[in-house]
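J.: got a sequence here, can you build the structure:
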Amino acid sequence: DPAMSPAPVPDDAPAPTPAGPGAAEAVAVVKAYYDSISAGSYGSAYTLWSGNGSASGQSPQQFANSFAGVSGMSVEILTPGRIDAAAGSRYIEVPVAVRTTGADGSVHRYAGAYTLRRAVVDGASAEQQAWRIASADIREVQP
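T.: Numbering: from 1, shown residues only. As a prediction, the model looks like this:
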């Protein structure tokens, strides 16, 4: 029955472009970041920053040292913002609330958000197309 057959697709029709990683994947990066820190895998956490860690503004050793004295951590990842487009990139903000316990028993609370970026230009590598942390605005919340 010809009415049941799908319409032919012209040879010159553009291929559908995948939307790429969305908000859920950005949240998964932030979760993996904190899971790595909690496990003491600071190198893995560091590479979740853009530029293979350079966007953190720290060397790998400085980054690892920043967690010295933290014996426990709990993280609540809040609802991400919408994905914003910029030339060749997408950005999303992922808010968090963090509670750390120091080796001395002190408790500190932090709140803020991570801004994640991924490239969407033709020819971008798989690494460039993945969400990576571009910046963070995390501040200690005074009791």
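
J.: so where do the helices sit in the protein?
T.: With DSSP state H as the criterion, the chain has helices at 23-38, 42-46, 60-65, 126-129.

J.: got a list of contacts for the last one?
T.: Helix 126-129 is touched from outside by 20-21, 118-120, with contacts defined as C-beta atoms under 8 Å, 6 or more residues apart in numbering. Bear in mind the C-beta positions are built from the backbone N, C-alpha and C, glycine included.

J.: cool, the longest one as well?
T.: Counting by C-beta under 8 Å, 6+ apart, helix 23-38 makes contact with 42, 44-45, 48, 67, 73, 75, 77, 80, 83, 92, 94, 96, 98, 114, 116, 130-133, all of which sit outside it.

J.: show the low-confidence segments of this protein, by residue range.
T.: 1-19 (pLDDT under 70).

J.: spatially central, which residue of it would that be?
T.: By C-alpha atoms, centre = their mean, the mean C-alpha position of the chain lies nearest to Val29, the distance being 4.0 Å.

J.: how far off centre is stretch 23-42?
T.: 8 Å (C-alpha atoms, centre = their mean, to the nearest Å).

J.: buried stuff in that stretch?
T.: By neighbour count with 16 or more other C-beta atoms under 10 Å, stretch 23-42 contains the buried residues 23, 26-27, 29-30, 33-34, 36-37, 42.

J.: closest one to Asp137 out of the residues you listed, please.
T.: Val30 (13.4 Å; C-beta to C-beta).

J.: and that closest one, how far from Gln129?
T.: 17 Å (C-beta to C-beta, to the nearest Å).

J.: list the contacts of Ser106.
T.: Ser106 neighbours (C-beta under 8 Å, 6+ apart): none.

J.: tell me how far it lies from Gly69.
T.: With C-beta to C-beta as the criterion, Ser106 and Gly69 are 9 Å apart.

J.: can you check Glu76 too?
T.: Counting by C-beta to C-beta - Glu76 and Gly69 are separated by 22 Å.

J.: neighbouring contacts of stretch 71-91?
T.: Under C-beta under 8 Å, 6+ apart, the answer for stretch 71-91 is 20, 22-23, 26-27, 30-31, 34, 37-38, 92-103, 113, 115-121, 134.
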